[in-house]
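Undergrad: Attaching a predicted model along with its sequence, questions to come.
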Amino acid sequence: MILNWHTTKKDALLIGRIVKRAVKMFPQLSAQDMGMDITAVHLHGCPLKLGELLKAPDFDFAHDLYGIRRHIDRKTGKFRVAFCPRYARESNECGTRNSECGMKALSIRQPWAWAILYAGKRIENRTWSTNYRGPLLIHAAKGMTSRELCDAEIFIGNLSDTPMLFPECLKRGGIVGKCELVEIFKPGEYCATECSPAALNESRVWWDYHQYGWLLDKVEPLPFYPCRGRQGLFEVDYGTH
């Protein structure tokens with residue numbers, strides 16, 4: 001496939017300024033490669049809001065550039081996985097969703113689901129990975145043992161000043177919040193990442209380096225909606241209830 005590289009003068013100027021900011025933030029990046037990656041994505045299925053991206057907060061800016069660089073197929077200019085830049089225009093090929101109906105969900109045992117929502121936990125440890133990136137509902141699993149609660153309470157207490165709820169106050173067996181799955185790091189990958197978001201520096205204390213580290217952002221509690229959880233990622237029509 002022959003890629004189209006003909007952008008408008010306005011877009012070319014914005015891409016150049018985006019690249020300049022990216023290289024300033026991450027000196028190890030190649031300006032030429034970054035510019036080509038942004039241009040290819042912008043012209044081949046996932047047009048970007050270049051002006052808004054240029055002015056984006058550092059974390060959002062890093063999220064989009066890191067995701068583009070990590071997930072682009074340079075032969076087609078499209079993404080190899082369901083990655084959706086935050087500053088993408090509305091496009092089905094970008095994986096943009098306009099509602100919470102049929103959102104993907106991940107079941108997490110308590111009190112770890114609570115820690116994500118209220119104690120600053122932004123890394124979810126898993127023994128498996130997925131190609132999916134984007135909005136994610138947080139499902140609080142129904143099961144929770146006294147031993148799990150005790151161990152987690154000690155661990156969370158060492159990392160957060162937020163007092164944990166009594167066990168009977170922890171919602172279980174339903175949707176309790178939502179977030180965005182930004183990236184997944186392979187076991188031990190942190191030191192090898194080329195352009196990891198700055199938030200990872202604050203979140204890595206939650207990471208078990210022997211497992212996959214799911215980096216979460218835009219965490220928000222939701223009204224409790226009881227539903228059955230499942231293994232892996234699963235669909236929940238939360239927005240229709």
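TA: Yes, it's here. Numbering: from 1, shown residues only.
Undergrad: So if we follow the domain assignment, how does this structure break up?
TA: 9-90, 103-240 (automatic domain parsing).
Undergrad: can you list the ones you listed in TSV and add mean neighbour count?
TA: C-betas here are computed from N, CA, C, even on glycine. Shown next, in TSV, are the domains of the chain (neighbours: other CB atoms under 10 Å):
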stretch	mean neighbour count
domain 9-90	18
domain 103-240	17
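Undergrad: Export these as a markdown table, with columns for mean pLDDT.
TA: Listed next are the domains of the chain as a markdown table, based on pLDDT from 0 to 100:
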| stretch | mean pLDDT |
| --- | --- |
| domain 9-90 | 87 |
| domain 103-240 | 80 |
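Undergrad: tell me the secondary structure for the residue positioned nearest the centre of the chain?
TA: Closest residue to the average C-alpha location of the chain: V182 at 1.4 Å, with CA atoms, centre = their mean. Recorded secondary structure, V182: strand (DSSP: H, G, I helix; E, B strand; the rest coil).
Undergrad: Hmm, L216 and it touching each other?
TA: Yes: V182 lies in contact with L216 (CB atoms under 8 Å); the separation is 6.7 Å.
Undergrad: Check the spacing between I123 and K55 real quick.
TA: Counting by CB to CB, to the nearest Å, the separation of I123 from K55 is 28 Å.
Undergrad: Same question for W114.
TA: 34 Å.
Undergrad: Same question for C46.
TA: Taking CB to CB, one finds C46 at 19 Å from K55.
Undergrad: Next SSE downstream of the longest helix seen in the chain?
TA: Longest helix of the chain, by residue count under DSSP state H: helix 9-25. Tracing the chain C-terminally past helix 9-25 and defining elements by DSSP states H and E, one meets helix 31-43 next.
Undergrad: Export that following helix to CSV, keeping only CA atoms.
TA: Presented in CSV, the C-alpha positions along helix 31-43 are these (Å, rounded to 0.1, in the frame of the first residue of the first chain):
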residue,chain,number,x,y,z
ALA,A,31,11.6,14.0,15.1
GLN,A,32,11.4,12.6,11.6
ASP,A,33,9.9,9.3,12.6
MET,A,34,7.4,11.0,15.0
GLY,A,35,6.3,13.4,12.2
MET,A,36,5.8,10.6,9.8
ASP,A,37,3.8,8.5,12.3
ILE,A,38,1.4,11.4,13.1
THR,A,39,1.0,12.3,9.4
ALA,A,40,0.3,8.7,8.5
VAL,A,41,-2.3,8.2,11.2
HIS,A,42,-3.9,11.6,10.4
LEU,A,43,-4.3,10.8,6.7
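Undergrad: just checking, what packs against that helix?
TA: Applying 3 or more CB pairs under 8 Å, 6 or more residues apart in numbering; DSSP states H and E, one finds that helix 31-43 contacts helix 9-25, helix 58-71, strand 72-73.
Undergrad: So for A40, which of the ones you listed sits nearest?
TA: strand 72-73 (6.5 Å; CB to CB).
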